[in-house]
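Chemist: I would like the atomic coordinates for the input below:
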Amino acid sequence: MKKIAYFITIVGWLALASTVFAVTIPDPLGGKTFGKLLTDIALGVGTLIAGLSTIMFMVAGIMFLFSAGSPDRMNKAKAALTYAIIGIVIGLAADAIVTTIKQIIGVT
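Modeler: Numbers count the residues shown, from 1 in each chain. Have a look, this model is predicted:
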């Protein structure tokens, strides 16, 4: 009797499995390739970094204005300005960096 119950249970699960296979899952990438996805992410992150670096550029200028001649505060403002410039360069070059990496690893 147990064998028949197990058999019916297994057949029932297999019958339910056929309905699961009929479900279609939408494409989460929207038809984009992996390379296109990387490029889109790089453009978004690059834009964000460039925008934040521009704000930091202005903050570094304000820090320099309010340093009142203090060498310590002026050094902090110069460091902030240096990092802001580096951020702007990286943000603007993000697409080129990702394109170069894609060519090296062979992703289209």
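Chemist: for this structure, what's the longest helix?
Modeler: Using DSSP state H to define each element, the chain has its longest helix at helix 34-65.
Chemist: What are the buried residues along it?
Modeler: Neighbour-count burial for helix 34-65, counted by 16 or more other C-beta atoms under 10 Å, picks out 35, 38-39, 42, 46, 49-50, 53, 56-57, 60, 63. Any C-beta I mention is one placed from the backbone N, CA and C, and that applies to glycine too.
Chemist: go on, stretch 99-108?
Modeler: Of the residues in stretch 99-108, those buried (16+ other C-beta under 10 Å) are Lys102.
Chemist: Identify the residues contacting it?
Modeler: Where contact means C-beta atoms under 8 Å, 6 or more residues apart in numbering, the residues beyond stretch 99-108 that reach it are 33-35, 38-39.
Chemist: how about a cut-off of 10 Å?
Modeler: With contacts defined as C-beta atoms under 10 Å, 6 or more residues apart in numbering, stretch 99-108 is touched by 33-39, 42, 93, 98.
Chemist: which two from those residues end up farthest apart in space?
Modeler: Pairwise distances across the contacts of stretch 99-108 peak at 22.3 Å for Thr33 and Ala93 (criterion: C-beta to C-beta).
Chemist: so where's this protein uncertain?
Modeler: 17-23, 108 (pLDDT under 70).
Chemist: Can you tell me the centre-most residue of it?
Modeler: Of all residues in the chain, the one closest to the mean position by C-alpha atoms, centre = their mean is Ile41, 5.0 Å from it.
Chemist: excluding its backbone neighbours, what's nearest that residue?
Modeler: With sequence-adjacent residues excluded and distances taken as C-beta to C-beta, 6 or more residues apart in numbering, Ile41 is closest to Val98, at 8.0 Å.
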